[in-house]
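Asks: With the input below, show me the fold.
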Amino acid sequence: MALDTTLTLAVNNKYFDRFQNKDLNYLARLYSNDIKLTDWNGEWNKVNNVLEVNEAFFENEFTLTLVSTTEFYAEGASNPVGYSNVITLEVGGETLNIVDEIVFDDNYKIISIYATQQ
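Replies: Alright, predicted model coming up:
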């Protein structure tokens, strides 16, 4: 099923807004039950585990800035399967430049977040 890019982009942007606002309840609605989060600290599978990692991170004071968003495609796909997001995260006196790749399932839920530091 081809996803509506207007909706996927809206979910993508809402994710960063709700993450910045530490809104676990809203994030739970954005995440697929089978979400996979991978970053430089590890890998977490399933919505409850990802929400626990989010909750632990939210104990920090931080500022997240979405710098840019670019669609990416699977080979042969007519619509983007996700977005590559360049963000700046200021936490604990440190500034991190990060790329978050977010992929959606057929229900417009986030199924994968892959984050790397630049």
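
Asks: now the helices for the chain?
Replies: For the chain, the helices defined by DSSP state H occupy 5-20, 24-30, 47-57.

Asks: how about the ones you listed, which one is nearest residue 117?
Replies: Residue 117 lies closest to helix 47-57 among the helices of the chain, at 14.7 Å (CB to CB). Using the backbone N, CA and C atoms, a C-beta is placed for each residue, glycine as well.

Asks: what's that closest one packed up against?
Replies: For helix 47-57, the elements it packs on are helix 24-30, strand 31-39, strand 42-45, judged by 3 or more CB pairs under 8 Å, 6 or more residues apart in numbering; DSSP states H and E.

Asks: and that helix with helix 5-20, angle?
Replies: On the basis of axes from the mean of the first three to the mean of the last three CA atoms, to 10 degrees, helix 47-57 is oriented at 50 degrees to helix 5-20.

Asks: Kindly format the C-alpha coordinates of helix 47-57 as CSV.
Replies: Once non-C-alpha atoms are left out, helix 47-57 reads as follows in CSV (Å, rounded to 0.1, in the frame of the first residue of the first chain):
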residue,chain,number,x,y,z
VAL,A,47,6.8,-0.2,22.1
ASN,A,48,7.1,-0.6,25.8
ASN,A,49,10.9,-1.0,25.7
VAL,A,50,11.3,2.0,23.5
LEU,A,51,9.0,4.1,25.7
GLU,A,52,11.1,3.1,28.8
VAL,A,53,14.2,4.3,27.0
ASN,A,54,12.4,7.6,26.1
GLU,A,55,11.2,8.0,29.7
ALA,A,56,14.8,7.6,31.0
PHE,A,57,16.1,10.1,28.5
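
Asks: Return the distance of it from the chain's centre.
Replies: Put simply, helix 47-57 sits 13 Å off its chain's centre (CA atoms, centre = their mean, to the nearest Å).

Asks: outside of it, which residues touch it?
Replies: 19, 24, 27, 28, 31, 32, 33, 34, 35, 37, 44, 113 (CB atoms under 8 Å, 6 or more residues apart in numbering).
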